[in-house]
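Fold the stuff below for me.
(one chain, ligands or ions: 3)
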Amino acid sequence: MRTIGILSFDDPVIDGSRKILHVDMDAFFASIEQRDNPEYRGKPVIIARHPKENSGKGVVSTASYEARKFGVHSAMSAAEAYRLCPQGIFVSGNYEKYREVSQQVRAIFKRYTDIIEPLSIDEAILDVTENKMGLPYAMDVAKEIQTAIYKELNLTCSIGVSYNKFIAKLASDYQKPFGMTIITPKRAIPFLEQLPIEDYYGVGTRSAEKMHDLGIYTGADLKKLSQDECIQYFGKAGLALYERVRGVDNRPVKVSRVRKSIGKERTFYPFLYHEGEVEEILRKLAASVSKALKDKGMHGKVVTVKFRDADFNTVTRQRSLVDPIEDSADIYFYAADLWQEYGDVAKGVRLLGITVSDLTEITFENIRLNLYEDQKMKDSPVTTDDQSDDQEPNQDNQTEPEAF
Ligand code: TTP
Ligand code: MG
Ligand code: MG
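Ligands and ions are numbered 1, 2, ... in the order given. Here you go, the predicted model:
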């Protein structure tokens with residue numbers, strides 16, 4: 001127990017009762033292209049439009065492990081990738097296909113558990129404490145999932161097996177590609193202590209620099225900070241860091257339901273009686289719906305406007321679009337259009353709302369790199385040239401796997 005002012009904290013305690021997997025596909029988009037185009041196998045494949053076609057404007061979504069050897073990586077400009085690897089095969093992405101494969105991977109997870117938290121198109125956290133196959137060890141669930149993905153989808157993934165989300169995510173990245181890393185509660189502390197601080201998930205480049213300035217390079221260094229120092233240096237995130245470096249992360253695996261719509265509304269008193277006011281509010285509502293959509297990585301094909309007049313008559317009108325939208329200006333355009341057609345400012349406006357529905361995930365277009373802000377790429381500690389059919393997963397040999 002520690003005391004700071006009037007607050008006292010118990011030191012965090014490891015709860016090793018859960019079995020959590022983090023599954024991340026290897027070089028996801030590039031591997032799918034190599035699978036579907038045998039002539040690309042064993043070659044450097046770069047998912048980006050060829051800079052010559054595109055006056056060098058594109059950005060790399062991802063690159064095959066062969067291309068990574070040349071230093072090509074996600075978020076790099078296609079022009080830079082071309083400079084590093086002119087023999088690279090540039091392929092523009094087929095996002096529909098990648099989404100479909102993502103669903104097929106999800107269906108394999110579903111055989112084992114319904115507690116699935118997707119983190120992106122190619123990765124998810126699974127709680128397999130109680131799994132549908134009744135397998136006692138999480139590592140066996142992980143092996144079966146890895147094998148099923150390999151045999152049925154001809155793709156490889158890397159899996160982290162542990163007792164919480166934070167460590168499982170770090171573990172899946174530890175040996176890539178086709179790796180499996182098991183971190184039992186007993187191994188967690190030494191694993192976290194030796195880990196470079198920039199590998200801690202959520203520690204962005206800027207925090208890493210700050211840590212280096214404080215002489216913190218590894219988990220062991222971070223652990224020397226007291227809880228109040230952690231809070232002092234890193235704010236609220238410091239508290240989480242203090243727990244994480246001690247192997248504690250009690251966040252549950254959240255099954256995310258697919259959001260069907262995102263909407264915002266506002267009520268007014270006094271009521272609005274001027275077109276200009278209504279337009280200004282619609283503009284603000286459109287901006288906040290747009291922000292919420294972008295935060296969730298979603299866009300939608302139906303725009304609905306709701307308005308209620310001074311006498312409490314409520315009208316909702318909607319417009320269906322061919323292509324999904326998420327930009328503020330687009331949402332405003334359709335909302336204002338509906339208002340022009342059906343609204344009447346003379347009756348007084350006591351409520352205005354905009355909803356965008358029929359939502360789908362925004363595809364991973366090159367421009368959407370902000371989705372990955374805190375998800376840095378790093379060179380894999382294990383590299384294999386071999387993409388042949390008989391490859392064996394990288395096994396984590398120093399484990400004490402029996403009980404996990
Ligand atoms: P990642 O899992 O980050 O990368 P990866 O699967 O290509 O490679 P790794 O083996 O290291 O896991 O991202 C999954 C997919 O998301 C990736 O194949 C392409 C896409 N993506 C982008 O479009 N832009 C990006 O900046 C990143 C990081 C990924
Ligand atoms: Mg991946
Ligand atoms: Mg990923």
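
for the protein, where's the lowest mean pLDDT among helices and strands?
strand 7-9 (a mean of 60; mean pLDDT, DSSP states H and E).

next SSE after that one?
Using DSSP states H and E, the next helix or strand after strand 7-9 towards the C-terminus is strand 20-25.

how far off strand 20-25 does whichever helix or strand comes after that following strand point, in degrees?
Using DSSP H and E, the next helix or strand after strand 20-25 towards the C-terminus is helix 28-36. Between the axes of helix 28-36 and strand 20-25, defined by axes from the mean of the first three to the mean of the last three C-alpha atoms, to 10 degrees, the angle is 60 degrees.

touching ligand 3 at all, helix 28-36?
No - if you take C-beta under 5 Å from the ion as the test, helix 28-36 misses ligand 3, and the best it gets is 6.8 Å. For every residue, glycine as well, the C-beta is placed using N, CA and C.

Only the buried residues of that helix, if you could.
Judged by neighbour count using 16 or more other C-beta atoms under 10 Å, the buried positions of helix 28-36 are F28, F29, A30, S31, I32, E33, Q34, R35.

Stretch 136-148 now?
Y137, A138, M139, D140, V141, A142, K143, E144, I145, Q146, A148.

now these as CSV including secondary structure?
Output for the buried residues of stretch 136-148, formatted as CSV (DSSP: H, G, I helix; E, B strand; the rest coil):
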residue, secondary structure
Y137, coil
A138, helix
M139, helix
D140, helix
V141, helix
A142, helix
K143, helix
E144, helix
I145, helix
Q146, helix
A148, helix
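
Same list (these) but as TSV, adding distance to L84 and pLDDT.
Below are the buried residues of stretch 136-148 laid out as TSV (distance: C-beta to C-beta, whole Å; pLDDT from 0 to 100):
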residue	distance to L84	pLDDT
Y137	42	96
A138	39	97
M139	38	96
D140	41	97
V141	39	98
A142	34	98
K143	36	97
E144	38	98
I145	34	98
Q146	31	98
A148	35	98
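
would JSON lines of those residues with distance to R308 be doable?
Putting the buried residues of stretch 136-148 into JSON lines (distance: C-beta to C-beta, whole Å) gives the following:
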{"residue": "Y137", "distance to R308": "58"}
{"residue": "A138", "distance to R308": "53"}
{"residue": "M139", "distance to R308": "57"}
{"residue": "D140", "distance to R308": "57"}
{"residue": "V141", "distance to R308": "52"}
{"residue": "A142", "distance to R308": "53"}
{"residue": "K143", "distance to R308": "58"}
{"residue": "E144", "distance to R308": "55"}
{"residue": "I145", "distance to R308": "51"}
{"residue": "Q146", "distance to R308": "55"}
{"residue": "A148", "distance to R308": "53"}
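
for V72, phi and psi?
Per-residue torsions, V72: phi -80, psi 140 (degrees, to the nearest 10).

what's the burial count for it?
25 (other C-beta atoms under 10 Å).

That one reaches V60, doesn't it?
Yes - using C-beta atoms under 8 Å, V72 is in contact with V60, at 6.4 Å.

just checking, L84 touches K69?
No - using C-beta under 8 Å as the test, L84 is too far from K69 to be in contact (9.8 Å).

quick one on the thing from earlier: and of the buried residues of helix 28-36, the nearest to G247?
The shortest gap between G247 and any of those belongs to F28, at 29.0 Å (C-beta to C-beta).

For R18, see how far away the closest residue to that closest one other than its chain neighbours is.
Of all residues not flanking F28 in the chain, D122 sits nearest, at 3.9 Å (C-beta to C-beta, 6 or more residues apart in numbering). Separation of D122 from R18 (C-beta to C-beta, to the nearest Å) stands at 23 Å.

same deal with R83?
For R83 relative to R18 (C-beta to C-beta), the value is 46 Å.

of the two, who's got more company?
More neighbours surround R18 than the other of R83 and R18, with 18 against 15 (other C-beta under 10 Å).

and this protein, what are its domains?
29-94, 261-360 (automatic domain parsing).

near ligand 1 at all, the longest one?
This means domain 261-360. No - judged by C-beta under 6 Å from any ligand atom, domain 261-360 and ligand 1 are separated, with a smallest distance of 11.7 Å.

Same question for the first one.
Yes - in this structure, domain 29-94 sits against ligand 1 according to C-beta under 6 Å from any ligand atom; the contacting residues are F29, S61, T62, S74, A75.

Return the distance of stretch 189-202 from the chain's centre.
For stretch 189-202, the separation from the chain centroid amounts to 20 Å (computed by C-alpha atoms, centre = their mean, to the nearest Å).

Identify all contacting residues around it.
Applying C-beta atoms under 8 Å, 6 or more residues apart in numbering, the external contacts of stretch 189-202 come out as 166-167, 169-171, 173, 183, 203, 205, 208, 211-212, 216-223, 237, 240-241, 244-247, 374, 376, 378.

For PyMOL, what selects the buried ones among those residues?
Buried subset of those, written as a PyMOL selection, criterion 16+ other C-beta under 10 Å:
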select buried, resi 166+167+169+170+171+173+183+203+208+211+216+218+219+220+221+222+223+240+241+244+245+246+247+376
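
In helices, which of the contacts of stretch 189-202 appear?
Among the contacts of stretch 189-202, the members found in helices (DSSP state H) are 166-167, 169-171, 173, 205, 208, 211-212, 219-223, 237, 240-241, 244.

one step back: may I see the domains of the chain arranged in JSON lines, with mean pLDDT as well?
Shown next, in JSON lines, are the domains of the chain (pLDDT from 0 to 100):
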{"stretch": "domain 29-94", "mean pLDDT": "93"}
{"stretch": "domain 261-360", "mean pLDDT": "93"}
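
which of these is buried the deepest?
Ranked by average neighbour count under the criterion mean count of other C-beta atoms under 10 Å, the domains of the chain are headed by domain 29-94 at a mean of 19.
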